[in-house]
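Chemist: Just need the structure, nothing else, for what follows:
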Amino acid sequence: MINVMARRIVEFYAGICVVVGYVERNTFVPTGTGFGIDEVGHILTCAHCLRIDRETVIFAFGISDEYKYEDVDRRVREGQAGFSRANICQYDGRSDCALLKAADLSTNINCIDKLQSGNAVHVGESIVYMGYPFCNRGLYSQKFGFSLVGSKLIDSRGNKKFQIDASAHESISGGPVIDIGTGRIIGMISGRFSPTGPNKLISVGDYGLGQESTISFCATMDSSIDLLKAEGIYV
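Modeler: Numbers count the residues shown, from 1 in each chain. The predicted structure follows:
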């Protein structure tokens, strides 16, 4: 039954995820995931996914059951559909959330009334999470995963978060987390637990080993809702 419900969640929300990044020398540099929340181009993402000294660029790939290859740099050069510049409307580095607006990008559903405060979420809830892991390394396949809300915690900055059993790889930060039972967006992937700490101990190329784990963190939607209120688009 849960698998059927999860499939319905995937089908309903499949079109909201985007890749966040910037362009340098006609090359797209991905930095994370974001998700559209309305038809006028507002997008939520993690603040750490943005380079505030660069113009933010959004790519919307959509989702389908077809096998396909994405030549992103060619799409940048040729200005093909899916490429959009975005402005930073609201930014909160302490809570690690940001609100963007892309003029020529919109979602097919309005997610604002689907956002759920963390106070209404319980440990043990089944969830679906989605995003673009390793898009910063050329993997532009949107991933859907299934997990549970394992625990609730408050981080060192005072932010409320959920702990989930999931491999939150690089660049999936900013992806939405949806409660399967209610169909509401309860959070945003914000990072993972690193057993070796934030610094790389051993690297192969530029990739650090020993920092992966299946314990990941999801920021509740409370701080994001505050940004939407500050922008005047959440009542």
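Chemist: Report pLDDT for the nearest residue to Glu24 once chain neighbours are set aside.
Modeler: Once flanking residues are discounted, Glu24 sits nearest to Arg54: 7.5 Å by C-beta to C-beta, 6 or more residues apart in numbering. Any C-beta I mention is one placed from the backbone N, CA and C, and that applies to glycine too. Note on Arg54: pLDDT of 89.
Chemist: ok, Arg54 to Thr33 distance?
Modeler: 17 Å (C-beta to C-beta, to the nearest Å).
Chemist: longest strand in this structure, by residue count?
Modeler: Identified as the longest strand of the chain according to DSSP state E is strand 143-154.
Chemist: That strand: which residues count as buried?
Modeler: Lys143, Phe144, Gly145, Phe146, Ser147, Leu148, Val149, Gly150 (16 or more other C-beta atoms under 10 Å).
Chemist: chain center to the helix or strand harbouring Ile43, what's the gap?
Modeler: Assessed by DSSP states H and E, Ile43 sits inside strand 42-45. The chain centre lies 9 Å from the centre of strand 42-45; the measure is C-alpha atoms, centre = their mean, to the nearest Å.
Chemist: What pairs with that strand, parallel or antiparallel?
Modeler: Applying DSSP bridges, strand 42-45 is found paired with strand 27-36 (antiparallel), strand 97-102 (antiparallel).
Chemist: I would like the residues contacting it, please.
Modeler: 18, 20, 32-37, 58, 86, 89, 97-102, 105, 173-174, 176, 188, 224, 227-228, 231, 233 (C-beta atoms under 8 Å, 6 or more residues apart in numbering).
Chemist: Now do the longest strand of the chain against strand 27-36, angle only.
Modeler: 70 degrees (axes from the mean of the first three to the mean of the last three C-alpha atoms, to 10 degrees).
Chemist: Return stretch 101-118 as CSV; C-alpha atoms alone will do.
Modeler: Taking Å, rounded to 0.1, in the frame of the first residue of the first chain, the C-alpha atoms of stretch 101-118 are listed here in CSV:
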residue,chain,number,x,y,z
LYS,A,101,12.3,33.8,-8.4
ALA,A,102,12.9,32.8,-12.1
ALA,A,103,10.8,34.9,-14.5
ASP,A,104,10.3,32.3,-17.1
LEU,A,105,9.9,29.2,-15.0
SER,A,106,6.8,27.9,-13.3
THR,A,107,5.5,24.7,-11.8
ASN,A,108,2.4,22.8,-12.9
ILE,A,109,1.0,22.8,-9.3
ASN,A,110,0.8,25.3,-6.5
CYS,A,111,2.8,24.0,-3.6
ILE,A,112,2.4,26.9,-1.2
ASP,A,113,-0.7,25.3,0.4
LYS,A,114,1.2,22.0,0.5
LEU,A,115,3.9,23.2,2.9
GLN,A,116,3.6,21.7,6.4
SER,A,117,5.1,23.0,9.6
GLY,A,118,7.5,20.7,11.4
